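[1] Here is a sequence together with a model predicted from it:
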Amino acid sequence: MSGYNKAGEAIAYARFSMGNYNATILYSLLDANDFNAGVSGSGNISTFSIQQMEKALNDYKQLYDNGNSLSESDFLMSDLKQILDFLQNCLEIANKEGSVKVFFG
């Protein structure tokens, strides 16, 4: 997945290897399960508002950023960090420009 500003510049990127089911976390947070095509995204682009990105980030924080030291695998923790970075970068652009585009590919 890639996030883009209005100028078409990539501002966020989340990459998951084939068979990595942690990608579904990001699809769920964005309420974008329709764009999940299994191994990769559907190839579609969707525009997300500030409110949608805020909700996704807030949902992430409630579910995964509870301050506890989890004994999760490094693999999961790395993916969660990548998801957090993606959401924060997309929200930053949405706050500046009113929305952000996400390519699901």
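    Structure received.
[2] what ranges of the protein fall below the confidence cut-off?
    Applying pLDDT under 70 to the chain flags residues 39, 66-75.
[3] Could I get the full set of helices for it?
    In the chain, helices defined by DSSP state H lie at 23-29, 50-64, 74-97, listed in chain order.
[4] Could I get these in TSV, plus columns for mean neighbour count and distance to G41?
    To be clear about C-beta, it is placed using only N, CA and C from the backbone, and glycine gets the same treatment. Converted to TSV, those look like this (neighbours: other Cβ atoms under 10 Å; distance: least, Cβ to Cβ, whole Å):
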stretch	mean neighbour count	distance to G41
helix 23-29	18	8
helix 50-64	16	16
helix 74-97	17	13
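[5] closest to G38 out of those?
    helix 23-29 (9.7 Å; Cβ to Cβ).
[6] now for the closest one, which elements pack on it?
    helix 50-64, helix 74-97 (3 or more Cβ pairs under 8 Å, 6 or more residues apart in numbering; DSSP states H and E).
[7] Make JSON lines from the ones you listed and add distance to N33 to it.
    Converted to JSON lines, the helices and strands packed on helix 23-29 look like this (distance: least, Cβ to Cβ, whole Å):
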{"stretch": "helix 50-64", "distance to N33": "13"}
{"stretch": "helix 74-97", "distance to N33": "15"}
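[8] With respect to A10, which of those helices lies nearest?
    Nearest to A10 among these is helix 74-97 (9.7 Å), distances taken as Cβ to Cβ.
[9] Compare the helices of the chain and report which one is nearest to S2.
    Checking the helices of the chain against S2 by Cβ to Cβ gives helix 74-97 as the closest, at 9.1 Å.
[10] Not counting its own residues, what contacts that closest one?
    The contact list for helix 74-97 (Cβ atoms under 8 Å, 6 or more residues apart in numbering) reads 1, 3, 5-6, 11-16, 20, 22, 25-26, 29, 48-50, 52-54, 56-57, 60, 64-65, 70, 72, 100, 102.
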